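Asks: The following comprises the amino acid sequence and a computationally predicted model.
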Amino acid sequence: MDAIRAHEDAEAAVAAYLHQHETKGLLRFITCGSVDDGKSTLIGRLLHDTRLLFDDQLAALHADSRRHGTQGEEIDFALLVDGLSAEREQGITIDVAYRFFGTERRKFIVADCPGHEQYTRNMATGASTADLAIVLVDARKGLLTQTRRHSYICALFGIRHVLLAVNKMDMVGYDQAVFDEIVAGYRVLAKQLGISHVTCIPLSALQGDNVIVRSDSTPWYTGGTLLEYLEGVDVAQESKNIPLRMPVQWVCRPDHGFRGFAGTLVAGEATPGMEVAVLPSGRRSRIARIVTADGDLSCAQAGQAVIFTLEDEVDVSRGDVIADASNPPESADQFAAHLLWLGEQPLLPGRPYWLKIGAGTFGAQITEIKYKVDVNTQDHLAAKHLGLNEVAYCNLYLDQSIAFESYADSPGLGGFILIDRQTNATVGAGTLDFALRRAANIHWQHLEVDQSARARVKGQVPRCVWFTGLSGSGKSTIANQVEKRLLSMGMHTYMLDGDNVRHGLNKDLGFTDEDRVENIRRVAEVAKLMVDAGLIVLVSFISPFRAERRMARQLFAEGEFVEVFVDTPLEVAEQRDVKGLYAKARAGAIRNFTGIDSAYEIPEGAEITLDTGSHSPEQLAAMVLRHLDPRFEGQS
C-alpha cells in the first residue's frame with residue numbers, strides 16, 4: 001500500500017508541476033541596440049546560468065567557442081544564439097533568433113535582434129510581437145544612432161516597457177558616473193518617444209554581473225538583477241474596453257450546409273445571439289454559433305481563434321471585420337500613419353503599393369510625406385522621399401474603405417505592411433493613427449449621365465492610348481498622326497503631351513523620381529476623366545517607370561487602356577536630338593535625364609510595340625489605328 005501511495009503521490013506531484021508550468025505567465029521580449037553591444041552574449045549567459053542547456057548543447061558550445069569564439073579559452077555565450085554560419089564567421093547577428101526558456105516563476109520567448117543598420121527590417125519583425133524590449137548599450141560608446149532607431153521602432157510598435165541594460169561595465173571599471181550619464185540621456189529619449197516605463201541596470205553579460213545574481217563590483221547599484229526584473233515586470237496593457245473585433249481570415253464552406261467565418265478575436269468578447277456588423281459594408285446580423293475544434297462555445301474572448309456562423313445570409317469576405325453592432329470601428333480609405341521604410345529602393349509618394357492589414361490586402365499610395373524623423377534628435381524634417389530605415393509621418397490612401405482602429409488602441413486593426421507590387425517584397429511597416437477628415441467628408445455623387453451615354457452620342461469606344469518611350473523616340477510625332485487620322489474619321493479626341501502639360505497642370509514639378517511619379521499620377525487621372533467623357537485620349541509621356549504605367553492602367557476598365565511602346569534605341573534618339581537635351585545631359589547641364597542618369601524601364605506587357613527603325617511615322621500610326629479598330633485597315 002505504501003508503494004501504491006508513493007506512486008500516486010509522485011503522479012500528483014508531476015501533474016501539479018505540469019499544471020504550474022502550463023499556467024505560468026509568458027513574457028515575449030526582444031534584445032536590441034547597436035552592433036557589438038552584447039545582445040547575443042546576454043541571452044547566451046541567461047540560458048547558461050539558468051541551467052537550461054542540455055549536455056550536448058554545452059558540449060557543442062565549448063567546441064564552437066574553440067573554433068569560432070572571441071574569448072580565447074573561455075566560453076563565447078553569443079554562439080548559443082548566433083546559429084547561421086555567416087553569423088559565427090563574422091561574429092554578428094543577421095537574422096532574428098528566437099529562444100524559449102523558463103524559470104519557476106515565468107516562461108519567456110526572447111528574440112535576439114540584429115544590430116546592423118542593414119538588418120533593421122529583422123529588428124522590426126521581432127518588435128512587432130514583443131511585450132518588452134531590452135535595449136543594450138555599450139558603456140564605452142554610450143547612446144548611438146542605431147540605439148535611438150531601435151528605441152523609436154519599439155515605441156512605434158507599442159512597446160511601453162524598456163529595460164536599459166548598460167553592458168560591458170567591466171570595460172569602464174564599473175564607473176557609476178558612466179552609467180548615470182547614459183541613463184540620463186536615455187530617459188530624455190524615452191520621454192520624447194512616449195516610452196512610459198524604463199528600468200536601468202548596469203551589467204556585464206560576459207562576466208555575469210547583475211544578470212542572474214547581484215554583483216559585488218557595483219555596490220552603488222541597489223536595484224534587482226536582470227532576471228529578477230524579467231520575472232516580476234507587469235506588462236499587462238491597460239484595458240481599452242474595446243468591444244468585439246474579429247478580422248475574417250477565411251470563409252469556411254466544408255459542405256453546402258455550413259458557412260462560417262474564421263478568425264481570431266483581436267478585442268472584446270462574443271456570445272451567440274449578439275448583434276454584429278460586417279465592415280466595411282455595414283450589413284448586420286446576429287451570431288448563431290461560435291464553433292471551435294473542441295465544440296461550440298457560449299462565449300469567446302480576445303485572443304481566441306473561432307468560427308462564427310450568422311443567422312442571416314450576409315456577404316462576408318476575407319479581410320472584412322465582424323464587430324459589435326452597437327459600437328463598430330470606423331471605416332475610411334485615407335489615413336495619417338507612421339511608417340518605417342524597409343525597401344532598398346526609396347519610397348516615392350504617389351507610387352502604388354499593396355497594403356496588408358489583418359487578413360486583407362488593398363491597393364495603396366503614400367500621398368504625402370508630412371515629415372521624416374531624425375532618429376538622433378527626434379526633429380521633424382521635410383522630405384520628398386524615404387530611404388532605407390528612415391521613419392516618417394505620412395498621409396496614406398487606399399483604393400477602398402477598410403475598418404480600422406488606431407494602433408495605440410488595437411494593434412490588430414492598426415498595424416500594416418507595404419508590399420512592392422513587382423517583387424512582392426515587404427518594403428514598409430507602419431501603424432495607423434487616425435482617419436483623415438477628407439475621407440469622411442467626401443462621397444461619390446451619383447450622376448445620371450454616364451460614360452456609356454457620352455460615348456454613344458459620339459459614336460465611338462472611349463480609350464486611353466498611352467505612348468511611352470525615350471525622349472526623341474517619336475512618341476508625339478506618331479500620336480499626332482494617329483489623332484489626325486481619328487479626326488478625319490469624325491472621332492472625338494484629345495492629346496496630352498508631356499511638354500505641353502508641364503506648361504500648366506504640372507508646371508510646379510521637376511524631374512526628380514518623386515516629381516516624375518506625381519507627373520504621371522496627375523496625367524493618368526486627367527486621362528481617366530477624359531475617357532469618362534467619352535473621348536479617345538492620346539497620352540504622350542516618357543513615363544519611365546513600370547510602376548507608374550501600371551498605376552495608370554489600373555485606373556481604367558478592362559480594354560480601355562492601350563500601352564504603346566515606341567521602341568527607339570538610345571543612340572538613335574540622341575541622333576534625333578533636335579532640342580539638344582541629350583547633349584546637355586551628357587555635359588551635366590541637365591540632371592535626372594531619362595536614358596543618361598535616370599533609368600527607363602522597358603514595358604513588359606505593352607499591347608503595341610513600334611519599331612521606329614524600320615517604319616515611317618505614318619506606317620506606325622496605321623499600326624496603332626488597326627489595333628484600335630480593324631475598320632481602319634487600309635485607311636490613309
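Replies: Yes, it's here.
Asks: where in the stretch 201-350 of the chain is pLDDT low?
Replies: Where the stretch 201-350 of the chain drops to pLDDT under 70, the residues are 237-240.
Asks: Please, where are all the strands along it?
Replies: Under the criterion DSSP state E, counting those that start in this stretch, strands of the stretch 201-350 of the chain are mapped to 245-247, 250-255, 258-264, 269-270, 275-279, 283-291, 300-301, 305-310, 321-324, 330-341.
Asks: Give me the sheet partners of the third one and which way each runs.
Replies: If I follow you right, that is strand 258-264. strand 250-255 (antiparallel), strand 305-310 (antiparallel) (DSSP bridges).
Asks: Next, the angle from that strand to strand 283-291.
Replies: Calculated by axes from the mean of the first three to the mean of the last three C-alpha atoms, to 10 degrees, strand 258-264 forms an angle of 90 degrees with strand 283-291.
Asks: how about strand 258-264: buried residues?
Replies: Within strand 258-264, the residues that count as buried by 16 or more other C-beta atoms under 10 Å are Arg259, Gly260, Phe261, Ala262, Gly263, Thr264. Using the backbone N, CA and C atoms, a C-beta is placed for each residue, glycine as well.
Asks: swap in the fifth one?
Replies: Neighbour-count burial for strand 275-279 flags Val276, Ala277, Val278, Leu279 (criterion: 16+ other C-beta under 10 Å).
Asks: ok, the first one touching Arg284?
Replies: Which is Val276. Yes. Here Val276 reaches Arg284: they are 7.0 Å apart, a contact under C-beta atoms under 8 Å.
Asks: can you list residues touching both of the two?
Replies: Here Val276 and Arg284 share the contacting residues Ala325, scored by C-beta atoms under 8 Å, 6 or more residues apart in numbering.
Asks: Give the residue spans of the protein that score low on pLDDT.
Replies: 1-23, 48, 50-97, 114-119, 237-240, 438-446, 578, 630-636.
Asks: closest to Arg546 out of the strands of the stretch 201-350 of the chain?
Replies: Among the strands of the stretch 201-350 of the chain, strand 330-341 comes nearest to Arg546, with 20.1 Å by C-beta to C-beta.
Asks: Parallel or antiparallel, list what pairs with that closest one.
Replies: Looking at strand 330-341 with DSSP bridges, its partner strands are strand 391-404 (antiparallel), strand 426-435 (antiparallel).
Asks: need those strands in JSON lines with mean neighbour count, can you?
Replies: Shown next, in JSON lines, are those (neighbours: other C-beta atoms under 10 Å):
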{"stretch": "strand 391-404", "mean neighbour count": "20"}
{"stretch": "strand 426-435", "mean neighbour count": "21"}
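Asks: Quick one: end-to-end length of stretch 437-452, please.
Replies: 33 Å (C-alpha to C-alpha, to the nearest Å).
Asks: Any chance of the strands paired with strand 330-341 in a markdown table with distance to Leu26 as columns?
Replies: Shown next, in a markdown table, are the strands paired with strand 330-341 (distance: least, C-beta to C-beta, whole Å):
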| stretch | distance to Leu26 |
| --- | --- |
| strand 391-404 | 28 |
| strand 426-435 | 24 |
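Asks: and the residue nearest to His385 when sequence neighbours are not counted, how many residues sit next to it?
Replies: In space, His385 comes closest to Pro346 once its chain neighbours are excluded; the distance is 4.4 Å by C-beta to C-beta, 6 or more residues apart in numbering. For Pro346, the count of nearby residues is 16 (other C-beta atoms under 10 Å).
Asks: and the closest residue to Gly33 other than its chain neighbours, what are its bridge partners?
Replies: Using C-beta to C-beta, 6+ apart and skipping the chain neighbours, the partner closest in space to Gly33 is Leu136 (4.0 Å). Taking DSSP bridges as the rule, Leu136 bridges to Gly33, Ala165.
Asks: repeat for Thr361
Replies: Lys356.
Asks: same deal with the one 5 residues further on?
Replies: According to DSSP bridges, the residues that bridge with Ile366 are Leu396.
Asks: Arg521 versus that one, what's the distance?
Replies: In this view, Ile366 and Arg521 are 12 Å apart by C-beta to C-beta, to the nearest Å.
Asks: the more surrounded of these two?
Replies: Higher neighbour count among Ile366 and Arg521: Ile366, with 26 against 21, using other C-beta under 10 Å.
Asks: okay but the more buried one is in contact with Leu347, surely?
Replies: Yes. Ile366 lies in contact with Leu347 (C-beta under 8 Å); the separation is 6.2 Å.
Asks: Mind listing the shared neighbours of those two?
Replies: Common neighbours of Ile366 and Leu347 (C-beta under 8 Å, 6+ apart) are Leu339.
Asks: Reduced to three states, what does Arg550 come out as?
Replies: Three-state call for Arg550 (DSSP: H, G, I helix; E, B strand; the rest coil): helix.
Asks: Spit out the contact partners of it.
Replies: Counting by C-beta under 8 Å, 6+ apart, the residues that Arg550 touches are Pro352, Arg421.
Asks: which non-adjacent residue is nearest Tyr221?
Replies: Pro202 (5.5 Å).
Asks: picking that back up, any shared contact partners between Ile366 and Arg521?
Replies: By C-beta under 8 Å, 6+ apart, the residues touching both Ile366 and Arg521 are Gly350.
Asks: Stretch 133-151: how far from the chain's middle?
Replies: 24 Å (C-alpha atoms, centre = their mean, to the nearest Å).
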